[in-house]
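Give the three-dimensional model of this entry:
(chains A and B)
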Amino acid sequence: MLDVKFIRENLKAVKENVHARSVGNADPDAVLSLNQRRVELIQQVEGLRKERNENAQKMKGQRPQEERAPLIARGKELKEELASLEVELGTVENDLNRELKNIPNMTHPDVPIGGEEDAKELERMGKLPEFDFEPKDHLALGKELDLIDFESAADLSGSRFYFLKNEAALLELALINYAMTVTTRYGYAPHLTPDLARPAILEAIGFNPRGEETQVYNVEGHDLCLIGTAEITLGGMLAGKIVRKEELPIRLGGFSHCFRTEAGTHGRESRGLYRVHQFSKVEMFAFATPEGSEELHTEMLEIEKEIYNGLEVPFRVVETATGDLGAPAYRKFDIEAWMPSRNNYGEVTSTSNCTEYQSRKLNIRYRNDENQTQFVHTLNGTAVAVPRAIIAILENHQNPDGSVTIPKALRPFMGERERIGK
RNA sequence: GGAGAGGUGGCCGAGCGGCUGAAGGCACCGGUUUGCUAAACCGGCGUAGUGGUAAUACCGCUACCGAGGGUUCGAAUCCCUCCCUCUCCGCCA
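Residues are numbered from 1 along each chain as shown, chains lettered A, B, ... in the order given. Now for the predicted structure:
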C-alpha cells in the first residue's frame, strides 16, 4: 500500500495514476477524509489516555479512602469515554485500510499508458520454427507421446488439473533443476517454501485471500490458504524484520507449487496446460534498497531471458502497460514464448518491481546511512513456470515423426536423453 | 492429539498489579587512554503514531513486553481465546 502522507502530499499525481491504471474502485479522496477523521480521533483518544494515566498516578501508594473515592469515580468515567471513542477509531481505521488497499502503486515514468494491447515490445529473441509438416499442439503431443493425462485428472480433481507422465514428469523435474541451477549461479539462495500460508501474509503481498473473486483456495477449518506463488512465502519470510543495509540486496530463489482458482476465467484457455489450477514454479524474489531496485529488476529480466534462451524457445520481451499492472507493481516485464498452437506468443514469465508497496504492509525495513529505518523495495520474477514451459518446449521442438527434441540445457537433468518418443 | 514449560528491545536475560519503555550483559555508535592491536573508562543507543516546527533536527504526548479480547481507577505483570517454541507421550511419511 501507499503511505497516506504521500497520498496527501501528491494527491493530483495519485489521482492521475489511478486513472492511468484504470483502477475503478480506488478513491484517494476517501482515503484522505478517513485519515483526517482518524487523526481527530487519535488526538481525542490520546488526550483521554493521558488524563487516565495522570489520574491513576495520583493513586500510587496508600491513600485515605476519601481521597481515593473521587479519583476512582473519575477513572471510571474516563474508561467509558475512552471505550466508545476507541471503537469508533477502530472502525475508521478498518475503513481507511480498505480504501488504502484499493490505491495502486505509483508507476515508473517509462511505462506505456493503456491496456493489454498497449504493451510495448522491447525485443525478440530466437527464430520462429518453420515446420514442413502440420505441427501439433501440446495436447495432441501429450496424448500421443503418453505424457499428459487430463481426463483422469478431471475425474479426480476437476477440470484444469492434469497428470504429467513419463518424460513429462521428468521434464518438470529437469526444468526445476535447471532453473534452480541458473538462479543459484546468480546468487539467489535456493529455497523450498511452504505451499500454504496465512491469509494476512497473502493480503500483505497484494492478494485478495477472501471474498467472491478470490484467486486463491482457502482451507476449510484452518486459517490458511494455498499459495498462488512462492512470492507470497518468500516475501513473507522477512515480515516485521529490520535488516542491515549491508545485507541488501537479499536474493532468494524459491520452488513451490502454485494454486489458483482462476475465478472469472471460465471458458478462456479452458483446454490444455496454459491455464491450470495447480502448477510448479521456481520464483526469484529480492529485497533491495530503493537505489538498487531498478538494477535488480533488469537483472531478473536478464536471468529470465537466459533461461528461455537456454530452452531454445523463441520469445519476445514486453513491458506491461499501465492498465495491465497489478496493484503492487511499479513496473513489469513479461517474457512471452512462441506457442505454435496459438500461432502467437504466450506469457511464460513476469518480473515486477513493487518498490515499497509490499514492504510497507509487510513491515520490512532497513537502516539507511542516516541510521533511519526505511522500507525496502521488493521484486519478484518467474524463473520457470513449469506447464507453460512444457507447452513451449513440446510445441517448438516437435519433429516430423511426432517426437520431441529435448533442449540441450535440460539434458544433464534427464540422463542425457535427447528426445521424447521414437 | 494428550501432559508440562515458555514467548520481554538487534541478541541474551531480569521483572510477575502503580517506583518499568522496561534492570543487567552482549553487540553497535561517539569520546578518553594507547607505539599498534586488545583491554579499561565515560557517554549514547528500540519502533511507530500524533502535536509543536520549514524540518526525516529537537521537544512533548500516546501506544507497543507473541496476537486478540477481558478484569482493574491503573496490566509486561491477573483471567480467557488463539498462534508459536521447547520437553515428554501417542500417532505418522
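
can we go C-alpha only for contacts and neighbour counts from here?
Fine.

Just the buried residues of stretch A:292-305, please?
Residues of stretch A:292-305 classed as buried under the neighbour-count rule (16 or more other C-alpha atoms under 10 Å) are A:293-294, A:296-297, A:300-301, A:303-305.

where's that stretch relative to the chain centroid, distance-wise?
16 Å (C-alpha atoms, centre = their mean, to the nearest Å).

cool, and stretch A:100-109?
Here the centre of stretch A:100-109 is set off from its chain's centre by 14 Å, with C-alpha atoms, centre = their mean.

Between the two ends of that stretch, how far is it?
One end of stretch A:100-109 sits 22 Å from the other (C-alpha to C-alpha, to the nearest Å).

quick check, nearest of the buried residues of stretch A:292-305 to A:Leu89?
A:Ser293 (36.3 Å; C-alpha to C-alpha).

Which residue comes closest to that closest one once chain neighbours are left out?
Nearest residue to A:Ser293 in three dimensions, chain neighbours excluded: A:His377, at 6.4 Å (C-alpha to C-alpha, 6 or more residues apart in numbering).

what's across from that neighbour in the sheet?
A:Ala288 (DSSP bridges).

again, but for the one 5 residues further on
Note on A:Thr382: beta-bridge partners A:Glu283, judged by DSSP bridges.

That one and A:Ile303 touch, don't they?
No: assessed by C-alpha atoms under 8 Å, A:Thr382 is found out of contact with A:Ile303, at 9.4 Å.

And the longest helix seen in chain A, how far out from the chain middle?
Taking DSSP state H as the criterion, chain A has its longest helix at helix A:65-102. Relative to the centre of its chain, helix A:65-102 is centred 37 Å away, using C-alpha atoms, centre = their mean.

Kindly export the next helix or strand after that helix (C-alpha atoms) in CSV.
Downstream of helix A:65-102, the next assigned helix or strand under DSSP states H and E is strand A:120-125. Taking C-alpha atoms only, strand A:120-125 is exported to CSV below (Å, rounded to 0.1, in the frame of the first residue of the first chain):
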residue,chain,number,x,y,z
LYS,A,120,5.5,-2.3,-25.5
GLU,A,121,7.5,-4.9,-27.3
LEU,A,122,11.1,-4.5,-26.2
GLU,A,123,12.9,-7.2,-28.1
ARG,A,124,12.5,-10.6,-29.9
MET,A,125,14.9,-13.4,-29.5
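
Is A:Pro135 part of a helix or strand, or is it coil?
What DSSP: H, G, I helix; E, B strand; the rest coil gives for A:Pro135 is coil.

what sits against it?
A:340-341, A:395, A:398 (C-alpha atoms under 8 Å, 6 or more residues apart in numbering).

A:Asn53 is in what secondary structure piece?
helix A:28-57.

ok and that helix relative to helix A:65-102, angle-wise?
Interaxial angle of helix A:28-57 relative to helix A:65-102 (axes from the mean of the first three to the mean of the last three C-alpha atoms, to 10 degrees): 160 degrees.

about what we covered before: from the contacts of A:Pro135, pick the one nearest RNA strand B.
A:Glu395 (36.6 Å; C-alpha to the nearest atom of the strand).

A helix includes that closest one, no?
Yes: applying three-state DSSP, one finds A:Glu395 inside a helix.

So it is in contact with A:Lys136, correct?
Yes: look at A:Glu395 against A:Lys136 with C-alpha under 8 Å: they come within range, at 6.9 Å.
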